[in-house]
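1. below: sequence and its predicted model.
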Amino acid sequence: MRKFAVFLCLIVCLYMATEEGKAQRKVVTAAEKVMLFIDGAQVVRTKQIEIPAGNSSLLFTGLSPYLDARSMQVSAKGKLTITSVNAQYNYLDSVAVSRRLEQLQQELKKVAKQREEQEKALAVVKAEQEMLKTNCTLGGKGYTPSLGAIREATTYFAERMKVLTTEELAIRNRLEELAGRQQQLTREQAQVKGKDMKRSGEILVGVHAPAACTATFTLSYYVKNAGWFPSYDIRSGSLSEPLTIIYKANIFQHTGEEWKDVALSLSSSNPSTGNVAPRLMPYRLNYGWTAPVYSRELNGNIVSGRISDAETNEPLIGATVRIPGTTVGCATDVDGRYSLTLPDGQNRLEVAYVGYASQTVYAHSSTLNIRLRPDKGNLEEVVVTGYGTARKALNGRVAGVAATMAARMDDMEEAELADESIAMEVEQTRQPTGFEFSIKMPYTVLSDNKPVVAEIGRYDLPAVYAYQSTPKIDKDAFLMAQVTDWNKLNLLEGEANIYFEGTFIGKSILDVNTSGDTLSFALGRDRQIAVQRTKENEYTSRKLIGSTQTQTIGWKISVRNNRLQAVELTLYDQLPVSANSSIVVTAEEVSGAKVNSDTGIVTWLLTLQPGEQRDLTLRYKVKYPKDRRLLVE
């Protein structure tokens, strides 16, 4: 009877295990569609599954551990009802780590036992050696051993001591080996204990089907640690040629998922930014009260530095550095260094690298080194994939080509590009809150710390070139390009590499946050336009008349065009503007410039022929009470 009860229990347990395995099935899916945002991505997966009658559970495995459970959506086409959806995590390494810790513990016990045995053997050898040394004297009082007995005892003593010394040396060598093995096992044990558990995301879906059926499930969720940011190559062969803008998408993903041959789209939207419109607070005046304070960012320009591991100080290659809330960003080079041009009003940097905790820091100086603390994962290499296009007019779609390259030659001709590449389509569409770039071919982005740079547009645009200079601040002339109808290109704010006449000039910011149909940006300094600003000493003076004094200041500005073609130059200077009725500023000579009476800005619009030099004069006088001190430059 007892045997029957045991047999019955076994049958029940096997049945329950079988039913549990039947009730919950693991489902492996592959990403099919990915919408990549400025920060984050929306992943869509589909799978056709045979569903048994009754209640069952489907466990969708192999998902990103960074998925946002609040964004999760599961739908199914078939004769069934989805009863529950839950997100969970599976620590893949936990079982392996526990098993390895147990193995290490057993090996340590074995080594400790071996060391104890060797220590005992060494003690026996040492005791026998001491005994031989103590009893090496033959005979006693009144007894004289024979010569043969002495020889026999001496031979035995020497041979036995030699054997014991050899045994002692061997035991000590084994003890040294065992001590090294013990240290190695102890270090490995500490590493395994301190190892972060690798996890993966899972979605558990409960379903009920009145009868067995086939259903197609669709999973959609938002995932972090992915995104893209735009960058540009702006090229101009000369002042008489059109401007070429190469539009590039810098794609990265550290989600833990593999996106192989997916339908990839890039969106200018950013779900991670706040969507609540700001509101003004009442501005109430009272003695001792202050005005409402709102969050404001400081202005910035270029910030550079090095991203490294906080523990080893090793450079982090391919770490992404972005400005939160914008599309401006870059990646670190092989030395872990970065350089980023900050738009006006921004001074925060967001640094991310797979396996490390992300940081958001404030850039208070032009050099900012950042140390990230490791989490899990390592970097391997950086791959840059370029997508070029045959040059043609913009017609709503961008024809492109695909090629893997380390760098693109500056002087590559259109025919060469067409011969070496295969065409790829990138369709651009406008959405209510931005626009999208749909790559019309299967695309692969692996989660392996290999940033990808994809060219998504190339435009040849007519441009108006002009120079501008403010010699009071900087005596160089800056070449400016003005492009009309730029809003048809779906450009985003981003960093731009400037090339002029086949030479890399430097970096700039393509600022699209402007009104109007003309986009203006700097192409760099041109030292073939010489500008000088010197003080006219013969006109600079100070005179006292009655109760007032008058101070006269004169400046001479010389400009020369050393180019072989005529250029347009806008020259800026300024007159001081009085902020007190007792101070009177009078312009005596401005050489035909336009003067803004509110700001004091003086503007000359010049056309300079090749080799032409123009001398301009800016002279003004300031009248103020003689008993007051006024700094006038």
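-> Structure received.
2. now for the host helix or strand of K162, which elements pack on it?
-> Counting by DSSP states H and E, the element that carries K162 is helix 147-194. Where contact means 3 or more Cβ pairs under 8 Å, 6 or more residues apart in numbering; DSSP states H and E, helix 147-194 is packed against helix 94-134. For every residue, glycine as well, the C-beta is placed using N, CA and C.
3. relative to helix 147-194, how tilted is the helix it packs on?
-> In terms of direction (axes from the mean of the first three to the mean of the last three Cα atoms, to 10 degrees), helix 94-134 departs from helix 147-194 by 160 degrees.
4. quick one: mean pLDDT over helix 94-134.
-> Per-residue pLDDT values over helix 94-134 give a mean of 83.
5. tell me the helices and strands packed up against that helix.
-> helix 147-194.
6. figure out how far the helix it packs on is from the centre of its chain.
-> Averaging C-alpha positions (Cα atoms, centre = their mean, to the nearest Å) puts helix 147-194 56 Å from its chain's average.
7. tell me where the stretch 1-150 of the chain is predicted with low confidence.
-> For the stretch 1-150 of the chain, the stretches flagged by pLDDT under 70 are 1-23, 91-98, 136-145.
8. for the stretch 301-450 of the chain, same thing?
-> If you take pLDDT under 70 as the line, the stretch 301-450 of the chain has these spans: 301, 344-345, 376-424, 449.
9. all helices of it, in order?
-> 414-420 (DSSP state H, counting those that start in this stretch).
10. now the residue nearest the centre of the chain: closest residue in space that isn't a chain neighbour?
-> Centroid-nearest residue in the chain: T320, 0.5 Å away (criterion: Cα atoms, centre = their mean). Distances taken as Cβ to Cβ, 6 or more residues apart in numbering place A352 nearest to T320, at 5.1 Å, with adjacent residues excluded.
11. wait, that neighbour sits on S358?
-> Yes - between A352 and S358 there is a contact under Cβ atoms under 8 Å: 4.4 Å.
12. neighbour-wise, which of the two wins?
-> The neighbour count for A352 versus S358, taken as other Cβ atoms under 10 Å, is higher for A352 (23 against 14).
13. who's in contact with that one?
-> If a contact means Cβ atoms under 8 Å, 6 or more residues apart in numbering, then A352 has 225, 254, 319-320, 322, 358 as its contacts.
14. closest one to L104 out of those, please.
-> Distance to L104 across the contacts of A352 (Cβ to Cβ) is lowest for H254, with 30.7 Å.
15. what's the burial count for the residue lying closest to the closest one once chain neighbours are set aside?
-> For H254, ignoring the flanking residues on the chain, the nearest one in space by Cβ to Cβ, 6+ apart is V354 at 3.3 Å. With neighbours defined by other Cβ under 10 Å, the count for V354 comes to 22.
16. now V354: how far from N225?
-> Separation of V354 from N225 (Cβ to Cβ, to the nearest Å) stands at 7 Å.
17. can you list residues touching both of these two?
-> Common neighbours of V354 and N225 (Cβ under 8 Å, 6+ apart) are H254.
18. show me where the stretch 451-600 of the chain has helices.
-> Counting by DSSP H, counting those that start in this stretch, the stretch 451-600 of the chain has no helices to list.
19. low-confidence ranges in it?
-> Residues of the stretch 451-600 of the chain meeting the criterion pLDDT under 70: 514-516, 538-542.
20. please enumerate the strands of it.
-> Taking DSSP state E, counting those that start in this stretch to define them, one finds strands in the stretch 451-600 of the chain at 452-461, 463-470, 474-484, 494-500, 503-510, 518-526, 529-535, 541-545, 548-561, 567-574, 584-589, 594-595.
21. determine the set of other helices and strands touching the fourth one.
-> In this case it means strand 494-500. By 3+ Cβ pairs under 8 Å, 6+ apart, strand 494-500 packs against strand 226-236, strand 329-331, strand 503-510, strand 518-526.
22. how about S304: what's its closest non-neighbour residue?
-> With sequence-adjacent residues excluded and distances taken as Cβ to Cβ, 6+ apart, S304 is closest to S339, at 4.0 Å.
23. for that neighbour, what are its contacts?
-> The contact partners of S339, taken as Cβ under 8 Å, 6+ apart, are 302-304, 330, 507.
24. which members of the residues you listed are classed as buried?
-> Buried subset of the contacts of S339 (neighbour count, 16 or more other Cβ atoms under 10 Å): 303-304, 330, 507.
25. out of those, which is nearest to L104?
-> C330 (43.3 Å).
26. and for K224, the neighbour number?
-> So K224, with other Cβ under 10 Å, has 19 neighbours.
27. follow-up on the earlier one: of the strands of the stretch 451-600 of the chain, which is nearest E177?
-> Going by Cβ to Cβ, the one of the strands of the stretch 451-600 of the chain nearest E177 is strand 452-461, 49.5 Å.
28. may I have the strands that pair with the closest one, each with its orientation?
-> strand 243-253 (antiparallel) (DSSP bridges).
29. ok, back up a step: what about the contacts of A352, which are in strands?
-> Judged by DSSP state E, the contacts of A352 include 320, 322 as members of strands.
30. and the contacts of A352, which two are the farthest apart?
-> Greatest spacing in the contacts of A352, by Cβ to Cβ: H254 and R322 (13.4 Å).
31. correct me, but Q346 touches T327?
-> No - the pair Q346 and T327 fails to qualify as a contact (Cβ under 8 Å) at a distance of 11.6 Å.
32. out of the two, which sits in the busier spot?
-> Comparing Q346 with T327 by neighbour count (other Cβ under 10 Å), the higher total belongs to T327, at 24 against 20.
33. neighbours of the residue lying closest to P442 once chain neighbours are set aside, how many?
-> Residue nearest to P442 in three dimensions, not counting chain neighbours: D261, with 3.7 Å by Cβ to Cβ, 6+ apart. Neighbourhood size, D261 [other Cβ under 10 Å]: 12.
34. residue numbering should commence at 43 henceforth.
-> Shifting the count to begin at 43 puts that one at D303.
35. any idea how far E74 is from D303?
-> 9 Å.
36. closest one to L308 out of the buried ones among the contacts of S381, please.
-> Nearest to L308 among the buried ones among the contacts of S381, with distances taken as Cβ to Cβ, is C372, at 17.2 Å.
37. quick check: that closest one touching N539?
-> No - taking contacts as Cβ under 8 Å, C372 lies outside contact range of N539: 10.9 Å.
38. in stretch 371-381, which residues are buried?
-> Buried residues in stretch 371-381 (16+ other Cβ under 10 Å): 371-375, 378, 380.
39. quick one: E469 and Y485, what's the gap?
-> 13 Å.
40. and D516, by the same measure?
-> From D516 to Y485 the distance is 44 Å (Cβ to Cβ).
41. how about L613?
-> Where Y485 is concerned, L613 sits at a distance of 49 Å (Cβ to Cβ).
42. what's opposite Y507 in the beta bridge?
-> Taking DSSP bridges, one obtains A523 as the residues bridged to Y507.
43. S126 touches V247, doesn't it?
-> Yes - if you go by Cβ under 8 Å, S126 and V247 touch, sitting 7.1 Å apart.
44. which of these two has more residues huddled nearby?
-> For S126 versus V247, the count of surrounding residues by other Cβ under 10 Å is larger for V247: 20 against 11.
45. which non-adjacent residue is nearest the more buried one?
-> L100 (4.6 Å).
46. contact partners for that neighbour?
-> Counting by Cβ under 8 Å, 6+ apart, L100 makes contact with 66-67, 69, 91, 246-249, 259.
47. quickly list what D615 is bridged to.
-> On the basis of DSSP bridges, D615 is bridged to V644.
48. same check on R87?
-> Note on R87: beta-bridge partners by DSSP bridges are A73, L261.
49. likewise for R277?
-> T286, Y541.
50. mind checking how far it is from I288?
-> The value you get for R277 to I288, if Cβ to Cβ is used, is 7 Å.
51. next, show the common contact partners of those two.
-> With Cβ under 8 Å, 6+ apart, R277 and I288 have no common neighbours.
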